[in-house]
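*Asks:* sequence first, predicted model second:
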Amino acid sequence: MTVAAQDRDGLISAPQQNQSVGWALASLSLATLLSSLGTSIASVGLPALMQTFGASFQAVQWVVLAYLLAITTLIVSAGRLADMFGRRPLLLGGIALFTSASVICGLAPTLWLLIAARTVQGLGAALMMALTLAFVAETVSKERTGSAMGLLGAMSAIGTTLGPSLGGLLIAGLGWRAIFLVNVPLGLLTFALAWRALPARNKTAQATQGKFDAMGTVLLALTLAAYALAMTLGRGHFGALNIGLLVATALGIGLFAVAQKRVKNPLVQLASFRDPRLSASLAMSLIVATVMMATLVVAPFYLSRGLGLDAAMVGVVLSTGPLVSALSALLAGRLSDRFGAHRMMVAGLTGLATGTFLLSLAMTKLGVASYVVPITVTCFGYALFQTSNNAAVMSGVGAGERGVISGLLNLSRNLGLVTGASLMGAIFAVASDSARQGTGQDFLSSAAAARGMEVTFETATALALAALLLALLSFRNAIKQAQLGHSMRNA
């Protein structure tokens, strides 16, 4: 049958299908850009918010923290709701919620209204983050999954890179409100593209049976909120409140597990974690995010104190990492499609471990190159791992679980980020303070910053090697299962 005949019979020709896929990926890419931009662009506005509202740093930091907490606590529930009621309406709702909240953020007359609006904005971002990965399996063929994941990874890195510089320009020219209002036209464009291009057939009979697990949702949200607060309050110095929150987290995990076993339609199928490949992928994602957070927490001190760079140069040099991730993600997707996701996960983690080891050497005599070269290796390895890991997980998930599994992937990454912010920050503080006290100095000297860098990234290297070991074991299990399946087919 010819293409023209296919069109007359109501089928979609290949060029039309490719065009439809292109528009769908464009909408998913913009949704990914919006959610990452929402995280990175707000940080640069904190000094202006302190001045405008006459507030303390502890108060204005909730503009960032409220957004991250909303995403962390609700992202798994967002994925489950989408599996039940359809991913398209939930993603459209998330875009609309994010855009509307951006308007309120930009017009907020008080700090606390701004924080409340940022919480709602985080809810919209949670929906977008949970569903963009899930939609890839609906939109592209399995052979192109890696490339599509690479595109989304590139857009996430671009949002992270663009946020500080764009935010600085907007604040200088138009004031702090512009860093939130800039999301409005982007959000409207994203909504229009998603409305036009995303497929509507994304519910399954299995997913739509039964009621939503409200009890499990509340327990998981409270547990994740307790953990996130334990990791962020106190700025890396653990006190009684942090310990109490960790105890509440452990109790919440136990209650959540019990609740999931007793309900007919649980929020998370605990049996899924019996799959060693999924469990390994989630664990690796958490570990790698923890490692990567060290580059954001520790690197500014090393560059300013260890290398003596001014604030402008620190910003320029820090942009190297996200820029490398953005440029590498598309290539990583193609490599994953060509050579296999598991092989590229191993290669990516090898690069990550190599880069963090080079960073642990803290060779200040080499100047800026002592940071730029290792961070380039680190971020290329990260992009290769992240893209391949997402592709490996999502390509093997059934239609009824894509939303939840996508949410779990994003959750593991977010938990790694909040863990890294506390753990790596605390390690750097202890190591640099020890070096500083050893010299009798009252300030963070170049030598103290270098020592903190060494110890922090020695720890990061150990974590990266642990993730690499998990990847090798997972790769071996995948090979064995493939060989077993081949033998059974030939029998």
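*Replies:* Happy to help now that I have it. Because the structure is a prediction, the values reported are computed rather than measured. Residues are numbered from 1 along each chain as shown.
*Asks:* by mean pLDDT, which helix or strand of the protein comes out lowest?
*Replies:* For the chain, using mean pLDDT, DSSP states H and E, the weakest element among its helices and strands is helix 3-8, scoring a mean of 38.
*Asks:* name the helix or strand for the nearest residue to Ser56 once chain neighbours are set aside, please.
*Replies:* Once flanking residues are discounted, Ser56 sits nearest to Met50: 7.2 Å by Cβ to Cβ, 6 or more residues apart in numbering. (Each C-beta comes from the backbone N, C-alpha and C, glycine too.) Element membership for Met50, per DSSP states H and E: helix 46-53.
*Asks:* next, the buried residues of that helix.
*Replies:* Under the neighbour-count criterion of 16 or more other Cβ atoms under 10 Å, helix 46-53 has 46, 48-50, 53 buried.
*Asks:* isn't the residue nearest to Ser56 up against Gln61?
*Replies:* No - counting by Cβ atoms under 8 Å, Met50 stays clear of Gln61, with 9.7 Å between them.
*Asks:* overlap in contacts, those two.
*Replies:* Counting by Cβ atoms under 8 Å, 6 or more residues apart in numbering, Met50 and Gln61 have no common neighbour.
*Asks:* quick check: which element contains the residue nearest the centre of the chain?
*Replies:* Closest residue to the average C-alpha location of the chain: Arg413 at 5.0 Å, with Cα atoms, centre = their mean. Using DSSP H and E, Arg413 falls within helix 402-439.
*Asks:* now the helix or strand just after that helix against helix 402-439, angle please.
*Replies:* Later in the chain than helix 402-439, the nearest helix or strand by DSSP H and E is helix 446-490. Helix 446-490 runs at 150 degrees relative to helix 402-439, counting by axes from the mean of the first three to the mean of the last three Cα atoms, to 10 degrees.
*Asks:* what is helix 446-490 packed up against?
*Replies:* With contacts taken as 3 or more Cβ pairs under 8 Å, 6 or more residues apart in numbering; DSSP states H and E, helix 446-490 sits against helix 276-297, helix 299-301, helix 341-361, helix 402-439.
*Asks:* let's see that with 6 Å instead.
*Replies:* helix 276-297, helix 341-361, helix 402-439 (3 or more Cβ pairs under 6 Å, 6 or more residues apart in numbering; DSSP states H and E).
*Asks:* and the last one, how far out from the chain middle?
*Replies:* Translated: helix 402-439. When C-alpha coordinates are averaged (Cα atoms, centre = their mean, to the nearest Å), helix 402-439 and its chain have centres 13 Å apart.
*Asks:* mind giving me the packing neighbours of that helix?
*Replies:* Where contact means 3+ Cβ pairs under 6 Å, 6+ apart, helix 402-439 is packed against helix 62-85, helix 111-139, helix 214-232, helix 276-297, helix 446-490.
*Asks:* in the stretch 251-400 of the chain, where is pLDDT below threshold?
*Replies:* Counting by pLDDT under 70, the ranges of the stretch 251-400 of the chain that qualify are 267, 271-272, 311-312, 315, 395-400.
*Asks:* let's see it at 90
*Replies:* Residues of the stretch 251-400 of the chain meeting the criterion pLDDT under 90: 252-253, 256-282, 289-290, 292-344, 360-371, 383, 386-400.
*Asks:* tell me the pLDDT of Leu409.
*Replies:* At Leu409, the pLDDT value in this model is 80.
*Asks:* with Asn390 as the reference, measure out to it.
*Replies:* 6 Å (Cβ to Cβ, to the nearest Å).
*Asks:* swap in Arg88?
*Replies:* 20 Å.
*Asks:* residues in contact with the nearest residue to Ile375 once chain neighbours are set aside?
*Replies:* On the basis of Cβ to Cβ, 6+ apart, the spatially nearest residue to Ile375 that is not a chain neighbour turns out to be Gly321, at 4.8 Å. Residues in contact with Gly321 (Cβ atoms under 6 Å, 6 or more residues apart in numbering) are 295, 375, 379.
*Asks:* kindly indicate whether the second one is helix, strand or coil.
*Replies:* Translated: Ile375. helix (DSSP: H, G, I helix; E, B strand; the rest coil).
*Asks:* how many residues are close by it?
*Replies:* 24 (other Cβ atoms under 10 Å).
*Asks:* before we move on, back to that, redo the helices and strands packed on helix 402-439 as CSV? Include distance to Val418.
*Replies:* Below are the helices and strands packed on helix 402-439 laid out as CSV (distance: least, Cβ to Cβ, whole Å):
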stretch, distance to Val418
helix 62-85, 7
helix 111-139, 13
helix 214-232, 4
helix 276-297, 8
helix 446-490, 15
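*Asks:* could I get the ones you listed in a markdown table, plus columns for distance to Ser102 and mean neighbour count?
*Replies:* As requested, these are arranged in a markdown table below (distance: least, Cβ to Cβ, whole Å; neighbours: other Cβ atoms under 10 Å):
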| stretch | distance to Ser102 | mean neighbour count |
| --- | --- | --- |
| helix 62-85 | 11 | 24 |
| helix 111-139 | 6 | 25 |
| helix 214-232 | 22 | 20 |
| helix 276-297 | 24 | 22 |
| helix 446-490 | 35 | 18 |
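*Asks:* nearest to Ser422, out of those helices?
*Replies:* Nearest to Ser422, of all the helices and strands packed on helix 402-439, is helix 214-232, at 4.2 Å by Cβ to Cβ.
*Asks:* following the closest one in sequence, what is the next regular element?
*Replies:* Later in the chain than helix 214-232, the nearest helix or strand by DSSP H and E is helix 240-262.
*Asks:* any idea of the angle that next one forms with helix 214-232?
*Replies:* Taking the same axes, to 10 degrees, one finds helix 240-262 and helix 214-232 inclined to each other by 160 degrees.
*Asks:* how about helix 240-262: buried residues?
*Replies:* 242, 245-246, 248-249, 252-253, 255-256, 259-260.
*Asks:* break this protein into its domains for me.
*Replies:* 13-207, 213-264, 274-491 (automatic domain parsing).
*Asks:* what comes into contact with the helix holding Met50?
*Replies:* Everything outside helix 46-53 that qualifies as a contact, by Cβ under 6 Å, 6+ apart, is 60, 111, 171, 176.
*Asks:* excluding chain neighbours, what is closest to Gly198?
*Replies:* To be clear, residue 198 is Leu; Gly isn't right here. Counting by Cβ to Cβ, 6+ apart, the residue nearest Leu198 is Arg88, at 5.1 Å.
*Asks:* checking that neighbour next. Helix, strand or coil?
*Replies:* helix.
*Asks:* so Thr39 is in which element?
*Replies:* Thr39 belongs to helix 14-43, assigned by DSSP H and E.
*Asks:* what helices or strands is that helix leaning on?
*Replies:* helix 62-85, helix 111-139, helix 145-174, helix 183-197.
*Asks:* need these in a markdown table (columns: distance to Ser432 and mean pLDDT).
*Replies:* Shown next, in a markdown table, are those (distance: least, Cβ to Cβ, whole Å; pLDDT from 0 to 100):
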| stretch | distance to Ser432 | mean pLDDT |
| --- | --- | --- |
| helix 62-85 | 24 | 78 |
| helix 111-139 | 32 | 85 |
| helix 145-174 | 24 | 76 |
| helix 183-197 | 37 | 91 |
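*Asks:* can you lay out these as TSV showing distance to Leu92?
*Replies:* Formatted as TSV, the helices and strands packed on helix 14-43 follow (distance: least, Cβ to Cβ, whole Å):
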stretch	distance to Leu92
helix 62-85	11
helix 111-139	9
helix 145-174	18
helix 183-197	6
